[in-house]
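Student: sequence and predicted structure, then a few things I'm wondering about:
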Number of protein chains: 2
Amino acid sequence: VSDDFGTFTLPYCSFTAADADGARVGVGVGTSVLDLTAAAATVVPAHAHLFAAGTLDVFMAAGADAWHKVREALLVGDLPAEHLRGQDEVRLVMPFAVADYVDFYASEHHASNLGRIFRPDSEPLTPNWKHLPIGYHGRSGTVVVSGTTVVRPCGQRRAAGGDITVGPSARLDIEAELGFVVGAASDLGTPVGVEDFARHVFGVCLVNDWSARDIQAWEYVPLGPFLGKSFATSISPWIVPLAALDTARIAGPTQDPTPVDYLVPGEPWGLDIALEVELNGEVISRPPFAEMYWTGAQMLAHMTANGASLRTGDLFASGTISGPGVDQRGALIEITWNGTEPITVADGSQRGYLEDGDSVVIRATAPGPGGQRVVLGAVEGTIAPARDAS
Amino acid sequence: VSDDFGTFTLPYCSFTAADADGARVGVGVGTSVLDLTAAAATVVPAHAHLFAAGTLDVFMAAGADAWHKVREALLVGDLPAEHLRGQDEVRLVMPFAVADYVDFYASEHHASNLGRIFRPDSEPLTPNWKHLPIGYHGRSGTVVVSGTTVVRPCGQRRAAGGDITVGPSARLDIEAELGFVVGAASDLGTPVGVEDFARHVFGVCLVNDWSARDIQAWEYVPLGPFLGKSFATSISPWIVPLAALDTARIAGPTQDPTPVDYLVPGEPWGLDIALEVELNGEVISRPPFAEMYWTGAQMLAHMTANGASLRTGDLFASGTISGPGVDQRGALIEITWNGTEPITVADGSQRGYLEDGDSVVIRATAPGPGGQRVVLGAVEGTIAPARDAS
């Protein structure tokens, strides 16, 4: 998967290359990668020490002032040609060490669809849904970089007739999400308000939160999703700096009822990001992030309202992005209505859920200044057969 | 809080001291601490490099063979007096970096009590409870060492009448738990069976999983506990090696129905550990770990059944330990039946839940060889007033 980032997005990555020592911090420029670990001494000399380690952790921890100075230098600077490589010459690796991973549930359309599917006799949204951004902690140790093969998980599930069996998941799904990456840490006991979003969040990535719906359905009451999610979560190797999304900021949908004080939006932090979900080379959905009910700033304020601290590398994702249209849903469970309305894929076969060998790519762009597009960098994953069919 | 570990337990810690450079790995011997970072060159010369960094991470990652060789040397060796310090001369710090934190729900008595309190018209246990050890991921970034002050969290909750308010939790609780600390990592995609428990688990600690019941009650449907837990989780500074618990191993309660294949117990991994919960200096409960329905080995097998990998520093806790007796419950919500049956504490006042200034200590011992007691090292926390009464 190769992306053309133009000259405005300037996303960051970590890469290795056959002819380079260890991991390097890279910057996406057009279809090239600038080796910032090598080029920093000339391009951003005062900040060169932030890129020595080859991943983004040190740079992310340095805070918003450093992020802005480095981006400004990259935007105006002549980038040294000797440190530019083709994307095909490098191997993109995990760009940062994931500290805590939190997954939200911030799309009203997604939450309503799942409510209708799983609890057809109740109100689609739970009573708390419009009062707080619902979220839960996921497994940070199994967040993997785009391109990592996803082995179909095995697990325990209960059939409609009540039989409990163990075996490969038969309802393996995707969730197309946006992830927010925390750079600057915060102190235990001190909430971070919506107004401090840009001081703590370094940038965004795309997330595919793979989900085994059969495992999840049997395990999740009363403590939430666990093994149905923890086998793999893929992220794009590119982290787009928050500053690149300035032009994409929008107010987002009206929130009714008005949220409690600590969730009142303040400056607009909705984002007009357009996603595409591709299954085996064909676009099957176009989820609009602009439709998300809760913003990233509200998620951050909620996550820390109890005094929970932030660490560099915390990743919080939006939850599945689904719009109102049937062609705007970010998960197969919604697209195929839990497998009851299968779709036809490129080779003419049908899909309720993912088959072994299926490949999923999620892409996204957003408006930039002067008609340019900000490009988020794709996240890709291919399904391998289960290792143990017990 | 000072502990007398005798000469068999030999728990590990990390400490700092005014007259020592940086953190050191310590071993609890009687009421003293052996500075293993200093003493390793003479006591365990072949493994001295594992203790240079001053926390347990490198030693834990080294695997079971290294753990056993070091323990054998400590058990038989003459420990150099010049490297022994009093516990009161050192400051105990976080003994390892927490990778992922998972909390289980493995006590049938606890799960049944909570079912009766929250869902009085339904079966106390959910249909899945006896088929798999229910668990969820918690926030690893807010796991803190014993002695850390716990600031009363603020948050959103809904009153019985339906009003939604934000403010300091009025139902702040404890959860007395046992934590298992993973040393040896495992590969993504490869489940770890019950028979491999001792190859991956380095040792155990005591855990107090502080819980804000009002915040939790409003937020937890459908994705599980989040802010009601994520403000703080305290662990004992001492990690007791699994080998020290050999004499404490028991079969545990009969499991009916028989679990699915990957959860069949194999060797007994129940543990006869007796806990005491002390509130403001007075014992209010004696939870028996021997009564836990699911064993640590079953929790580990379940957590990895989907191929999720383990990392050095993963912490998985048992969930609240409650026995059948009213004086054996590990959380105030059960002891006071959600505040409706308050208890009288040392100064004669009453408690449904914790007040500011309350101090909770959890201690535990287990049978060792020849009539000795294995001592787990206490976990203590005191409640400070909320910082923001908005």
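Tutor: Done, it's in. This structure is a prediction, so every number in the text was calculated from the model and none was measured.

Student: quick one: residue A:375 from chain B, how far?
Tutor: According to CB to the nearest CB, to the nearest Å, residue A:375 and chain B sit 29 Å apart. For the C-beta atoms, the positions are set from N, CA and C on the backbone; glycine is no exception.

Student: surely that residue meets residue A:9?
Tutor: Yes: the criterion here is CB atoms under 8 Å, and residue A:375 meets it with residue A:9 at 5.2 Å.

Student: excluding its backbone neighbours, what's nearest residue A:104?
Tutor: residue A:135 (4.1 Å; CB to CB, 6 or more residues apart in numbering or on different chains).

Student: just to check, the one you found is in contact with residue A:111?
Tutor: No: contact between residue A:135 and residue A:111 fails when scored by CB under 8 Å: they sit 11.9 Å apart.

Student: residue of the stretch 151-300 of chain A with the smallest distance to chain B?
Tutor: In the stretch 151-300 of chain A, the residue that lies nearest chain B is residue A:224 (2.3 Å; CB to the nearest CB).

Student: all strands for the stretch 201-350 of chain A, in order.
Tutor: A:201-208, A:211-212, A:233-235, A:240-241, A:249-250, A:270-271, A:274-279, A:282-285, A:315-317, A:343-344, A:350-351 (DSSP state E, counting those that start in this stretch).

Student: turn these into JSON lines, including mean pLDDT.
Tutor: Output for these, formatted as JSON lines (pLDDT from 0 to 100):
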{"stretch": "strand A:201-208", "mean pLDDT": "98"}
{"stretch": "strand A:211-212", "mean pLDDT": "98"}
{"stretch": "strand A:233-235", "mean pLDDT": "98"}
{"stretch": "strand A:240-241", "mean pLDDT": "98"}
{"stretch": "strand A:249-250", "mean pLDDT": "98"}
{"stretch": "strand A:270-271", "mean pLDDT": "98"}
{"stretch": "strand A:274-279", "mean pLDDT": "98"}
{"stretch": "strand A:282-285", "mean pLDDT": "98"}
{"stretch": "strand A:315-317", "mean pLDDT": "98"}
{"stretch": "strand A:343-344", "mean pLDDT": "96"}
{"stretch": "strand A:350-351", "mean pLDDT": "98"}
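
Student: quick check: which of those strands is nearest to residue B:252?
Tutor: Taking CB to CB, strand A:211-212 is the member of the strands of the stretch 201-350 of chain A nearest to residue B:252, at 28.9 Å.

Student: for that closest one, the distance to its chain's centre please.
Tutor: Distance of strand A:211-212 from the chain centroid (CA atoms, centre = their mean, to the nearest Å) equals 16 Å.

Student: so does that strand get close to chain B?
Tutor: Yes: for strand A:211-212, a contact with chain B is found by CB under 8 Å from any CB of the partner chain, at residue A:212.

Student: against which helices or strands is that strand packed?
Tutor: Contact here means 3 or more CB pairs under 8 Å, 6 or more residues apart in numbering or on different chains; DSSP states H and E; on that basis strand A:211-212 packs against strand A:172-173.

Student: listing partners with orientation, what would you give for whatever helix or strand comes next after the strand it packs on?
Tutor: Following strand A:172-173 in sequence order, the next helix or strand is strand A:176-182 (DSSP states H and E). Sheet pairing of strand A:176-182 (DSSP bridges) gives strand A:201-208 (antiparallel), strand A:315-317 (antiparallel).

Student: contacts for the shortest one next, please.
Tutor: Translated: strand A:315-317. For strand A:315-317, the external contacting residues (CB atoms under 8 Å, 6 or more residues apart in numbering or on different chains) are A:98-104, A:135, A:140, A:143, A:177-182, A:207, A:209, A:233, A:235, A:296, A:299-300, A:303.

Student: returning to that earlier point: overlap in contacts of residue A:135 and residue A:111?
Tutor: With CB under 8 Å, 6+ apart, residue A:135 and residue A:111 have common neighbours A:105, A:319.

Student: of those two, which one has the most company?
Tutor: residue A:135 (26 against 22; other CB atoms under 10 Å in any protein chain shown).

Student: phi and psi next, for the more buried one.
Tutor: Per-residue torsions, residue A:135: phi -150, psi 170 (degrees, to the nearest 10).

Student: report pLDDT for the residue nearest to residue A:104.
Tutor: What the model reports as pLDDT for residue A:135 is 98.

Student: please name the residues that touch it.
Tutor: Counting by CB under 8 Å, 6+ apart, residue A:135 touches A:102-105, A:299, A:302-303, A:316, A:319, B:223, B:226.

Student: get me the contact residues on the stretch 201-350 of chain A for chain B.
Tutor: Contacts of the stretch 201-350 of chain A with chain B, taken as CB under 8 Å from any CB, map to A:212, A:215, A:218-228, A:230-232, A:260-262, A:302-303, A:305-311, A:314.

Student: take these and keep only those in helices.
Tutor: Mapping those onto helices (DSSP state H) picks out A:215, A:218-219, A:302-303.

Student: and the contacts of residue A:135 as TSV, adding distance to residue B:158 and neighbour count?
Tutor: TSV is the format used below for those (distance: CB to CB, whole Å; neighbours: other CB atoms under 10 Å in any protein chain shown):
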residue	distance to residue B:158	neighbour count
A:102	22	25
A:103	23	27
A:104	20	26
A:105	18	22
A:299	20	28
A:302	15	29
A:303	19	25
A:316	24	27
A:319	22	29
B:223	17	21
B:226	15	28
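
Student: one step back: which one of residue A:375 and residue A:9 has more residues nearby?
Tutor: Set side by side, residue A:375 and residue A:9 show more neighbours around residue A:9, with 26 against 22, by other CB under 10 Å.

Student: phi, psi for that one please.
Tutor: Main-chain torsions, residue A:9, degrees, to the nearest 10: phi -60, psi -50.

Student: can you get me a residue count around the nearest residue to residue A:192 once chain neighbours are set aside?
Tutor: Excluding the flanking residues, the one nearest residue A:192 by CB to CB, 6+ apart is residue A:304, at 4.4 Å. Around residue A:304 there are 25 other residues, counting by other CB under 10 Å.

Student: same check on residue A:253?
Tutor: Per other CB under 10 Å, the neighbour tally for residue A:253 reads 14.

Student: does it touch residue A:291 like I think?
Tutor: Yes: between residue A:253 and residue A:291 there is a contact at 6.6 Å, judged by CB under 8 Å.

Student: mutual contacts of those two, please.
Tutor: Listed contacts common to residue A:253 and residue A:291 are residue A:108; contacts here mean CB under 8 Å, 6+ apart.

Student: show me what contacts the nearest residue to residue A:108 once chain neighbours are set aside?
Tutor: Spatial nearest neighbour of residue A:108, chain neighbours left out: residue A:293 (4.4 Å); criterion: CB to CB, 6+ apart. Contact analysis of residue A:293 by CB under 8 Å, 6+ apart lists A:106-108, A:130, A:252-253, A:255.

Student: ignoring the adjacent residues along the chain, who's closest to residue A:340?
Tutor: residue A:352 (7.5 Å).

Student: ok, now which ones touch residue A:299?
Tutor: Applying CB under 8 Å, 6+ apart to residue A:299 gives the contacts A:102, A:104, A:106, A:133, A:135, A:180, A:316, A:318.

Student: and which of these is nearest to residue A:162?
Tutor: Using CB to CB, residue A:135 is the member of the contacts of residue A:299 that sits closest to residue A:162, with 31.7 Å.

Student: do stretch A:118-129 and chain B come into contact?
Tutor: Yes: shown here: stretch A:118-129 in contact with chain B (CB under 8 Å from any CB) through A:126-128.

Student: residues contacting that stretch, please?
Tutor: Applying CB under 8 Å, 6+ apart, the set of residues contacting stretch A:118-129 is A:105, A:108, A:111-113, A:115-116, A:134, A:217, B:158, B:218-219, B:221-222.
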